[in-house]
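> Dropping the sequence and predicted coords here.
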Amino acid sequence: QVQLVESGGGLVQAGGSLRLSCVASGLAFGSYAMGWFREAPGKERELVAAISRSGGGTYFADSVKGRFTISRDNAKNTVYLQMNSLKPEDTAAYYCGADSFYNVYSGLCNYWGQGTQVTVSS
């Protein structure tokens, strides 16, 4: 049974930082690209960042470039999202997803976590 479990969300003031983690089990983690997505109330889920299987390739949405970084530790089956200089518009539920890089980029992940809430106060 595949499980993706996110953690690290919370309430933070604008300008602050959070680090999200997503731990995977039940799949060959190193064989999957990983992505972080977010969904704000009334908005569609959007891809925030993605990382290739080896970690050598990454993608960031324009809205988070220069503020967020994505990394992975294949030995720990974990992908991270470091979020700096947070803004109120970053408020959303954040989800990790796993699939091929193309499918992650397209939002068509086969596996999803349950999400962790990030709230940024002004």
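Received, thanks.
> from here on, contacts and neighbour counts on C-alpha atoms
Fine.
> Next, the buried residues of the lowest-mean-pLDDT helix or strand in the chain.
Least confident element among the helices and strands of the chain, by mean pLDDT, DSSP states H and E: helix 101-105 (a mean of 95). Going by neighbour count (16 or more other C-alpha atoms under 10 Å), the buried part of helix 101-105 is Phe101, Asn103, Val104, Tyr105.
> Please name the bridge partners of the residue nearest to Asp90 when sequence neighbours are not counted.
Excluding the flanking residues, the one nearest Asp90 by C-alpha to C-alpha, 6 or more residues apart in numbering is Val120, at 6.7 Å. For Val120, the beta-bridge partners are Val12 (DSSP bridges).
> Val120 is in contact with Lys87, isn't it?
Yes. Using C-alpha atoms under 8 Å, Val120 is in contact with Lys87, at 6.1 Å.
> who touches both of those two?
Residues touching both Val120 and Lys87 (C-alpha atoms under 8 Å, 6 or more residues apart in numbering): Ala14.
> what helix or strand is the residue nearest the centre of the chain on?
Centroid-nearest residue in the chain: Trp36, 2.1 Å away (criterion: C-alpha atoms, centre = their mean). Assessed by DSSP states H and E, Trp36 sits inside strand 33-39.
> which helices and strands sit right next to that strand?
In terms of contacts (3 or more C-alpha pairs under 8 Å, 6 or more residues apart in numbering; DSSP states H and E), strand 33-39 is packed against strand 46-51, strand 92-99, helix 101-105.
> That one relative to strand 92-99, how many degrees between them?
Between strand 33-39 and strand 92-99, the angle comes out at 150 degrees (axes from the mean of the first three to the mean of the last three C-alpha atoms, to 10 degrees).
> Parallel or antiparallel, which strands does strand 33-39 pair with?
Paired neighbours of strand 33-39 in the sheet (DSSP bridges): strand 46-51 (antiparallel), strand 92-99 (antiparallel).
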